[in-house]
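Student: return atomic coordinates for the entry below.
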Amino acid sequence: MKINLDLIVRPHIKKLVKANSETENLQQKILLNKHENCMGSPLIKWYNRFPDKQQQAVKNATSKIKNITPENIFLGNGTDECIDLLYTCFCEPMIDNVIVCTPTYDRYEIAANIHQITVKKANLLGNYQLDMDLLESLVDEHTKIIWICSPNNPTGNSIYRDDIEIILNNFEGLVVIDEAYINFSRQKSFLQELKDYPNLIVLQTFSKAWGLAGLRLGKLFAHQEIIAILNSIKQPYNINTATQELVLKALENISQTNEMIKHIVAMRKEMVKSLVQFSFVKKINDSDTNFLMITVDDANALFNHLLTQDILVENLTHLPLCENCLNITIGTAKENEQLIAAFASFKP
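Tutor: As a prediction, this is how the structure comes out:
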């Protein structure tokens with residue numbers, strides 16, 4: 001599917017892109033252009049200099065791991081910033097619309113509401129896969145983005161790859177695939193398909209598998225033209241120096257991260273074995289994530305019981321297709337033991 005960004009980018013954003021296209025010359029040794037404090041800071045390590053606004057070192061390190069050129073990488077203050085910027089760039093308030101495949105990550109809809117973008121909801125099928133006929137019927141000339149979370153939050157399953165490829169080949173807007181949980185999945189990432197689909201955007205994060213949620217760093221991979229537009233309108237120093245330094249350190253320890261992922265997946269499997277023993281647990285959804293969505297007899301009652309045991313899970317029963325469902329993140333071995341003990345003490 002070819003994409004004409006001139007038809008998608010909001011008109012006033014095009015002007016901003018041209019105005020902000022110049023890049024900083026980082027080769028200069030003496031930087032006296034930003035009104036920084038020349039005396040340093042009260043910390044042992046000085047943070048008196050503004051951070052690299054393009055996060056080039058982190059992008060280069062990520063590029064080697066992902067086998068994606070740095071020019072195809074955008075870094076945001078969490079993927080939430082990436083989501084917000086996509087609305088800013090491509091969706092005209094009170095004119096354009098987007099499609100979300102519910103139940104799914106709620107930030108797509110929240111950000112759309114903030115930007116006054118109409119949200120069309122394509123409920124998933126009973127097996128939590130895309131309803132392709134419904135999706136097709138919802139697309140109109142003002143549909144700019146289709147959001148697909150795979151593996152999906154909160155259901156945990158991966159979306160059929162063939163269905164996503166059909167959308168990529170036929171939809172003339174942007175297809176955003178949120179792969180926040182891809183490291184826990186048996187499914188292949190869509191990263192290597194960027195060269196084939198100029199309308200494809202892939203979101204990933206350092207918050208889940210890398211265990212760096214407190215640093216707030218999200219990754220967006222896309223065609224270079226899309227990256228250039230995002231770079232031109234983002235906040236000038238959206239990723240602080242400390243975050244960039246710590247992430248670079250983490251990227252040096254891929255083997256440790258891979259071991260953590262294997263351990264979490266193993267604990268997820270053990271959790272399934274433990275949960276099936278309870279008669280009030282009716283279904284455990286297949287998961288390619290670090291959480292499980294389960295269906296129980298009475299989600300509200302079990303949720304409240306867990307609260308009395310100082311355990312907080314996510315009650316999904318208000319969401320479409322999630323009646324009497326709870327979402328449980330895989331915790332430490334001790335936390336998982338406490339959860340199972342709390343389940344055992346529940347009297348339906």
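
Student: which residue of this protein sits farthest from its center?
Tutor: The outermost residue of the chain, judged against the average C-alpha position, is residue 39 (39.1 Å), by CA atoms, centre = their mean.

Student: surely that one and residue 48 touch.
Tutor: Yes. Counting by CB atoms under 8 Å, residue 39 does reach residue 48; the two are 7.3 Å apart. The way it works is simple: take the backbone N, C-alpha and C, and place the C-beta from them, glycine included.

Student: so residue 225 touches residue 5, yeah?
Tutor: Yes. If you go by CB under 8 Å, residue 225 and residue 5 touch, sitting 5.6 Å apart.

Student: tell me which of these two has more neighbours.
Tutor: Using other CB atoms under 10 Å as the criterion, residue 225 and residue 5 rank with residue 5 on top: 18 against 14.

Student: can you pull the contacts of the more buried one?
Tutor: Contacts here follow CB atoms under 8 Å, 6 or more residues apart in numbering; on that basis residue 5 touches 225, 226, 229.

Student: which of those sits closest to residue 309?
Tutor: Here the nearest of the contacts of residue 5 to residue 309, counting by CB to CB, is residue 226; it sits at 46.8 Å.

Student: sec struct for the closest one, please.
Tutor: helix (DSSP: H, G, I helix; E, B strand; the rest coil).

Student: low-confidence regions, this protein specifically.
Tutor: For the chain, the stretches with pLDDT under 70 are 1-2, 14-32, 35, 38.

Student: so which residues of it form helices?
Tutor: In the chain, the helices defined using DSSP state H lie at 5-8, 11-19, 56-66, 78-90, 107-114, 132-138, 161-170, 224-233, 241-251, 254-275, 299-308, 333-344.

Student: now those in a markdown table, with distance to residue 101?
Tutor: Below are the helices of the chain laid out as a markdown table (distance: least, CB to CB, whole Å):
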| stretch | distance to residue 101 |
| --- | --- |
| helix 5-8 | 20 |
| helix 11-19 | 26 |
| helix 56-66 | 25 |
| helix 78-90 | 15 |
| helix 107-114 | 9 |
| helix 132-138 | 7 |
| helix 161-170 | 10 |
| helix 224-233 | 21 |
| helix 241-251 | 30 |
| helix 254-275 | 24 |
| helix 299-308 | 22 |
| helix 333-344 | 29 |
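
Student: looking at these, which one is packed in the most?
Tutor: Stretch with highest mean neighbour count among the helices of the chain: helix 78-90 (a mean of 21; mean count of other CB atoms under 10 Å).
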